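>>> Return atomic coordinates for the entry below.
(one chain, ligands or ions: 1)
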Amino acid sequence: VIRAFLFDIGNVLLRFDFQRAIERLREKCDPAAGEVLELIEPIKVEYESGRIDRPMFQQQVREVLKFTGSDPEFVSAWEEIFTEIEPMTAIVRGLRGRYPLYLLSNTSDLHVEYIFRTYPIFECFDGGVYSYAVRAFKPERGIYEAAIAKFGLKPSETLFIDDLEANVAAARELGFRTWQYDWRNHAAFLNELEQLGIAAEPTATNQPV
Ligand SMILES: [Mg+2]
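Numbers count the residues shown, from 1 in each chain. This is a model prediction of the structure:
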């Protein structure tokens, strides 16, 4: 029996495209700086793992790209990379109140603050564990254990939904029920919910608990 849900964010609730940020940053970078995404990637991982903070992240990116824009220009380019996956957020709205809903994401304080003020869907969640805050990055065991401890989860009764095989496999090893979500095949997820006996919408006989 599923009694709680644990959702990944990227490519489950929101699609994201870092290329969109890159295009905007490139306008104010030294063209000799090289391949922007490759230069940023290791710094991004340090930041999302909580090993460097936001000012350090911005400073390191600025140095490596020779970025000449302002901090607000950088931040808005970095933030505006998301698109809501509406079939999935509709499911979340339908589950709200009937099950506890939690988030488990590799992300940064910058993105968490942005998505919470931009997408009302995040009001449906009862809490979240984020890599930057717990200094562990999926598929590292520590981030799942942080979620189990913080929310008192029973993995065998919790459905973890993520788009990446490695993340799903790590959760399965810890005893979670899992689903590897592909936004291009939302119907497969609906079918899985049905198999699990979970109504996607509240009904007269399936009221909030
Ligand atoms: Mg993801």
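>>> Give the burial count for Asn11, as a bare number.
For Asn11, the neighbour count with other Cβ atoms under 10 Å is 16. For glycine as for every other residue, the C-beta is placed from the backbone atoms N, C-alpha and C.
>>> would Val75 count as being in a helix?
Yes. The assignment for Val75 is a helix, going by DSSP: H, G, I helix; E, B strand; the rest coil.
>>> Might you report the residue contacts of it?
Going by Cβ atoms under 8 Å, 6 or more residues apart in numbering, Val75 touches Gln58, Leu110.
>>> Quick check: the gap between it and the ion.
Shown here: Val75 relative to the ion, a distance of 22 Å by Cβ to the ion, to the nearest Å.
>>> gap between that residue and Leu159?
According to Cβ to Cβ, to the nearest Å, Val75 stands 34 Å off from Leu159.
>>> Tell me where the protein has strands.
In the chain, the segments counted as strands under DSSP state E are 4-7, 14-16, 82-84, 101-105, 127-130, 158-162, 177-180.
>>> For the helix or strand bottoming out on mean pLDDT in the chain, buried residues please.
Of all helical and strand segments in the chain, the minimum by mean pLDDT, DSSP states H and E falls on helix 18-26, at a mean of 89. Across helix 18-26, burial judged by 16 or more other Cβ atoms under 10 Å covers Ala21, Ile22, Arg24, Leu25, Arg26.
>>> Pick the one among those residues closest to the ion.
Nearest to the ion out of those is Ala21 (Cβ to the ion; 16.8 Å).
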